[in-house]
Every structure is written in structure tokens, then in C-alpha cells.
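> build me a structure from this.
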Amino acid sequence: MEHVRWLVDIDEITLTNPVVVAAFTGWNDAGDAASTAIRTLVETSGATALAEIDPESFTDFATVRPHVRLDNERNRSIVWPTVGVWAASLPGTDVILVLGPEPALRWRTFCEQITGIAHRFAAPMAFTLGALLADVPHTRRTQIIGTATDASLIERFDLERSRYEGPTGIVGVLHDALSRSGLPTASLWAAVPGYAAQLPSPRATFALLDRLCSMMGTPAPVANVALQIADYDAKVAALIADDDDLVTYVSRLEDMVDEMDDDTDDDFDDTDIADADPEQLADEVEQFLRNRDAEN
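Numbers count the residues shown, from 1 in each chain. Next up, the predicted model:
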């Protein structure tokens, strides 16, 4: 863990079987959903800043640039795009939260830093959060897919076995590193409407927090996120209102989702935010990754 800078005396940090939860800003954070979920957990839990991962060896600063800030006396300082690590005790579980920009360089070495932290505190499992752009309507419940390769997690949390083959991001590499070190891992992905890509999605954040916290056995801190959903819906409605083709497209997506849900649950309430067809979302993940690889 030569690139980990501890911010506290770790001998004074007492965590009992903490679950590691990680998310990264960038392409795997559509609608800022995954990163906002982690920030919400940090802010609502009174989390302790545990460590930072030095960005110098892992970041392309021409792509993810540092920021200049001025204090009240107009003194300048540079804020570097650093991956942060927090520790918190939630009702029912302790957690280690990891959030920062997706590294551009030396992914295996980067993952060794997080793996080292996880084993330093004897974490029993790890979760990652992500969000992708997909052909889904904003007016229906957010689709979540949960995948894992560990049989015990698949059975315990009713997850899908990951069958994806193709290009991957830091999330996939981190899962591999953690799994090879003996730590069971699972991944949760939320689908964000592609036509609303420029707007932060509290619906997707809500869905990720709800599913994650249910799996960890702790109440989901979604009150403030839920308050943002009506404003989000209004902004998306205004975005598409002047585009007849887009209105028709969204209506078609709604019909497709309603038909799917009619086949599985006659009592479906489209105001709920819950899980949906994992097979369909898995296909969206695969196509998204392949399209991104082709663009690059």
C-alpha cells in the first residue's frame, strides 16, 4: 500500500467486519448516480476520512485536471483529483467507502492499494456501484442489475452470475483483484435514460442506495435524494417537451417497460424504484461497453 496516505492513526480505528463499497466518477457513473450514492453515505453517516490514494501514479492530469482554489484571503491552492477512503459505522454494519476518479494508469497497482486496505481491516466482502446510459424511460422505476461470480453471494442476495465478456473498466479490474485475494465481490448497476445523460439522476441514486443498503442490512439514507426526484422529472420533461421525435421515443420506451411488467407483476406501481429484468440490463451493459471500446 505504498500509494496510500493515511489521514488518521489506523491503530485507533476500530471496525468490525466492514463492507467495502466503491464507486468511481467517469464513464461508469452515468447521471452521477454511483458517485452521489457514495457521497450520500459519507455525508449522512458522519464518516471519518481514513485515507487517500496518491493520484500521481494513476491519473492522466491532462484528462482529469486538478483545480485551483482561493481561500478567503485569496491564497491559491491546488486540489488534486484524489481517490478518497472513508470509514463509518452504520446501523447493522461497518463500512469502508471508496470514491474518486477512475484511474487512467497502472490499474493493477491501483487495485492493490484498495485490496490492501480491505484486508488491513478484515473486510468480509466488497460491493461496487455503477450506472450506465440505456434505453429506459425516466418515468418508470430504475432498473438495477446485481452480478457476482461468488456462489455464496449469488444465492444470498439473489444476484445474477456475471457472464460478460469484453472490454471492462476499473470496476471489472477491481473485482478481479479483490476476488483473487479471496474477497467475495458483487456489483450493482443502475440504468439511466440515455436522452437525459446531462442531468444528475436522483432516481438512479435512490435505486442504488436502496438495493445496496438492503444487502448490507442497514436503512438506506434516501430522504434527501427522494426530495430531488420531482425536480429531476420536471427537468427531463422540459428537456423532451419541444422534440416530438423524443416524446414519441420516450412513449415507446414506456410501453415496452409496461408490457414487460404486465407479464411479471399485475400489481406493478410505476412510482416505485426497484429491481427489474436483469437479463435485459445485462445486455445493455455489454452493448455499452462494446460501443465505448469502438469509439476509443
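
> by contact count, what packs against the host helix or strand of A49?
Element membership of A49 [criterion: DSSP states H and E] is strand 48-53. With contacts taken as 3 or more CB pairs under 8 Å, 6 or more residues apart in numbering; DSSP states H and E, strand 48-53 sits against strand 4-6, strand 83-90, helix 107-120. C-beta: built from backbone N, CA, C; applies to glycine.

> from D60, how far off is K235?
As judged by CB to CB, to the nearest Å, K235 and D60 stand 32 Å apart.

> please apply the same query to D243.
Distance from D243 to D60, by CB to CB: 36 Å.

> likewise for A22?
Distance, A22 to D60, by CB to CB: 20 Å.

> which one's the longest helix in the protein?
Counting residues, the longest helix found in the chain (DSSP state H) is helix 244-264.

> need the contact list for the residue lying farthest from the centre of the chain.
For the chain, the residue at maximal distance from the C-alpha centroid (CA atoms, centre = their mean) is E73, at 36.8 Å. By CB atoms under 8 Å, 6 or more residues apart in numbering, the contact list for E73 is empty.

> report the secondary structure state of A22.
Here A22 takes the strand state, with states given by DSSP: H, G, I helix; E, B strand; the rest coil.

> can you tell me the closest non-neighbouring residue to it?
Once flanking residues are discounted, A22 sits nearest to V98: 3.8 Å by CB to CB, 6 or more residues apart in numbering.

> what's across from that neighbour in the sheet?
Beta-bridge partners recorded for V98 (DSSP bridges): A22, V85.

> so A191 sits against R203, correct?
No: with contact defined as CB atoms under 8 Å, A191 does not count as touching R203 (9.9 Å).

> who touches both of the two?
T142.

> skip ahead from the helix or strand that L132 is a member of and say which helix or strand is next.
Taking DSSP H and E as the criterion, the element that holds L132 is strand 126-134. Tracing the chain past strand 126-134, the next element assigned as helix or strand by DSSP H and E is strand 144-148.

> any idea how far stretch 49-57 is from the chain center?
Taking CA atoms, centre = their mean, to the nearest Å, the mean C-alpha location of stretch 49-57 is offset from the chain mean by 19 Å.

> next structured bit after whichever strand or helix holds A207?
Under the criterion of DSSP H and E, A207 resides in helix 202-216. Proceeding N to C from helix 202-216, the next assigned helix or strand is helix 223-227, under DSSP H and E.

> do I have it right that W27 meets E102?
Yes: using CB under 8 Å, W27 is in contact with E102, at 7.2 Å.

> follow-up on the earlier one: more neighbours: which of A22 and D60?
Per other CB atoms under 10 Å, whichever of A22 and D60 has more neighbours is A22, with 27 against 13.

> any idea how far the more buried one lies from I13?
Distance from A22 to I13, by CB to CB: 18 Å.

> and what of G116?
With distances taken as CB to CB, G116 is found 15 Å from I13.

> winner for burial among the helices and strands packed on strand 48-53?
strand 83-90 (a mean of 21; mean count of other CB atoms under 10 Å).
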